[in-house]
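**Q** Fold the following, please.
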Amino acid sequence: EEDAINALIDPDATDVDIASDITVTGYDEHAYIISDKNVDFNGSTFTKPDSAGSGLRIGYDPTTNDVVPANVTISNANFVSLGYSPAVRVETGSNATFSDCNFDGDFQAYLSTTSYNLPQDTTMTLVFNNCTFTGEVELGTGGGDYEMKYDVTFNNCTFDTTSTAVMVGYDAGGSVTLN
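**A** The predicted structure follows:
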């Protein structure tokens, strides 16, 4: 598990194969990606069993509290969130493609140019191919960031949830496409 987390964190690793399940608990364990990378989970499960801290954060370095935008492709993963915190969160300035992934619990993306001192015309592109969702896909925003945009596409995805499937933040613009 530690080797898998280190491979995700390593800024020099561009192609990462995960061969074991990963569990991240509390505030002290961190799994994050701060560089462009392709990650194949090979059917492994990434679990966030509690509400403390974050799961896998894309584009944010929790050791420095800095946003570090990245372009990431993730495939064949099972993301499980058992608490309030999502198993995966994509941060402002990053773009991500998820293929053949299962999200059991909430998924979160967050745009805030004022919080992170990024250009007002920042767009986050998210693509989901053949993914399954049992929780909410939250496309959150920081207050007053009217020029931020989401470009989100769901291709052949399944939503099996009793709540809202996709929730877009109040100040967000852009498009959400369901194919």
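
**Q** could I get the helix or strand where residue 97 lies in PDB with only the CA atoms?
**A** Counting by DSSP states H and E, the element that carries residue 97 is strand 95-99. Output of strand 95-99 as PDB, limited to C-alpha atoms (Å, rounded to 0.1, in the frame of the first residue of the first chain):
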ATOM      1  CA  ASN A  95      -8.100  18.100 -15.600                       C
ATOM      2  CA  ALA A  96      -9.000  14.500 -15.300                       C
ATOM      3  CA  THR A  97     -10.300  11.600 -17.300                       C
ATOM      4  CA  PHE A  98     -11.700   8.500 -15.500                       C
ATOM      5  CA  SER A  99     -12.300   5.300 -17.500                       C
END
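
**Q** That strand pairs with which strands?
**A** strand 71-75 (parallel), strand 123-129 (parallel) (DSSP bridges).

**Q** What is the very next helix or strand once past it packed up against?
**A** Helices and strands here follow DSSP H and E; after strand 95-99, the next one along the chain is strand 102-104. Contact here means 3 or more Cβ pairs under 8 Å, 6 or more residues apart in numbering; DSSP states H and E; on that basis strand 102-104 packs against strand 78-81, strand 132-133. Yep, even glycine has a C-beta here, placed from its N, CA and C like the rest.
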